[in-house]
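[1] Provide a 3D model corresponding to the input given below.
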Amino acid sequence: MNYDACIKKSIEYIEHNLDKKIELKELADKVFLSKYYFHKVFHTVVGEPVGEYIRKRRLMKAANELICTEDKIVDIALKYQFSSQEAFTKAFKKLYGMPPRQFRRNRMNAIQPSMAA
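    Predicted coordinates:
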């Protein structure tokens, strides 16, 4: 079995569904692997666990929306499946080294995570 193709397919699915709830079982089922084995293969191929990958991608999309829209931070947080603005702010600050409000104020040109991650 070509695991690179399986992971590519699952990443495409993740990218198209970042604003929806994504279950590990759902991803594994799409590529005909068990949850355990899919998680193991994904981590090996991508270099990080599935959940961490999804969280980072959601935060990157949210960062783009912070810069490109005037949407409320809480609305962006909820759109990308964070349970609250506080949970979003904590995760965002961990990845980008500053809270979303400051990030938006600074209007950063490049959406690159800091080395704090």
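[2] Arg104 - how many residues pack around it?
    By the measure other C-beta atoms under 10 Å, the count of residues near Arg104 is 19. In short, each C-beta sits where N, CA and C put it, glycine included.
[3] Isn't it up against Glu65?
    No - taking C-beta atoms under 8 Å as the definition, Arg104 is not a contact partner of Glu65, at 9.4 Å.
[4] tell me the domain boundaries of this structure?
    As assigned by automatic domain parsing, the chain contains the domains 3-47, 59-106.
[5] Can you say which of those domains is nearest to Tyr53?
    Closest of these to Tyr53 is domain 3-47, at 5.8 Å (criterion: C-beta to C-beta).
[6] Could you give the separation of that closest one from the chain centroid?
    Chain-centre distance of domain 3-47: 13 Å, with C-alpha atoms, centre = their mean, to the nearest Å.
[7] cool, and stretch 91-103?
    Here stretch 91-103 shows a centroid-to-chain-centroid distance of 14 Å under the convention C-alpha atoms, centre = their mean.
[8] in that stretch, what counts as buried?
    Neighbour-count burial for stretch 91-103, counted by 16 or more other C-beta atoms under 10 Å, picks out Ala91, Phe92, Lys93, Leu95, Tyr96, Met98, Pro100, Phe103.
[9] same check, this time on stretch 65-77
    Neighbour counts using 16+ other C-beta under 10 Å place Glu65, Leu66, Ile73, Ile76, Ala77 of stretch 65-77 among the buried residues.
[10] any idea of the mean pLDDT in it?
    The pLDDT scores in stretch 65-77 average 95.
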